[in-house]
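S.K.: Here's my sequence, what's the structure:
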Amino acid sequence: MPKSSNYTEEQLQNAIDTFRKNPTLKITSLSQEFKVPYAIVYERLNGKKSRTMRVPLNRVLNDSQEKAIKMWIHQMNVNFYPLTIEHIEAAVN
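M.R.: This is a model prediction of the structure:
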């Protein structure tokens, strides 16, 4: 299970805003002041996006295919035909 973060996005944004206003400040002192991990502040300042903002790399289906599968699953459910994982995997592949 991933570690939960002990900081908020607001704390991180405040640290980044402070650095942008005064680039001579050290990232270490900012991370301590705003209680955000050094690596997170450093990565964000260098353009790395948060995990929620990144594009997923392991998607098997595009959006329209996913929508079609969802509609098919729903229709089968309405018709009282329970699908198994094997049915869904076969439809996706």
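S.K.: Which is the succeeding secondary structure element to the longest helix along the chain?
M.R.: Criterion DSSP state H: the longest helix present in the chain is helix 63-78. For helix 63-78, the following helix or strand on the C-terminal side (DSSP states H and E) is helix 85-92.
S.K.: roughly how far out does that next one sit from the chain middle?
M.R.: 26 Å (CA atoms, centre = their mean, to the nearest Å).
S.K.: Show residues contacting it.
M.R.: Val60, Leu61, Ile69, Trp72, Ile73 (CB atoms under 8 Å, 6 or more residues apart in numbering). The way it works is simple: take the backbone N, C-alpha and C, and place the C-beta from them, glycine included.
S.K.: 10 Å - rerun?
M.R.: For helix 85-92, contacts defined as CB atoms under 10 Å, 6 or more residues apart in numbering pick out Val60, Leu61, Gln65, Glu66, Ala68, Ile69, Trp72, Ile73, Met76, Tyr81, Leu83, Thr84.
S.K.: out of the residues you listed, what pair is the most spread apart?
M.R.: Spatially, the most separated pair among these is Val60 and Tyr81, at 23.2 Å (CB to CB).
S.K.: I'd say Thr36 and Arg44 touch.
M.R.: Careful, residue 36 is Val; it's not Thr. Yes: counting by CB atoms under 10 Å, Val36 does reach Arg44; the two are 9.1 Å apart.
S.K.: which residues do those two both contact?
M.R.: Counting by CB under 10 Å, 6+ apart, the residues touching both Val36 and Arg44 are Leu12, Gln13, Ala15, Ile16.
S.K.: Which one (most neighbours) among these?
M.R.: Ala15 (25 neighbours; other CB atoms under 10 Å).
S.K.: tell me the SS of it?
M.R.: Classification of Ala15 by DSSP: H, G, I helix; E, B strand; the rest coil places it in helix.
S.K.: wait, what's in contact with the one residue sitting closest to the centre of the chain?
M.R.: Among the residues of the chain, the one closest to the centroid is Thr52, at 2.1 Å (CA atoms, centre = their mean). Neighbouring residues of Thr52 by CB under 10 Å, 6+ apart: Glu9.
S.K.: the more surrounded of Val36 and Arg44?
M.R.: Under the criterion of other CB under 10 Å, the comparison of Val36 against Arg44 puts Val36 first, with 24 against 17.
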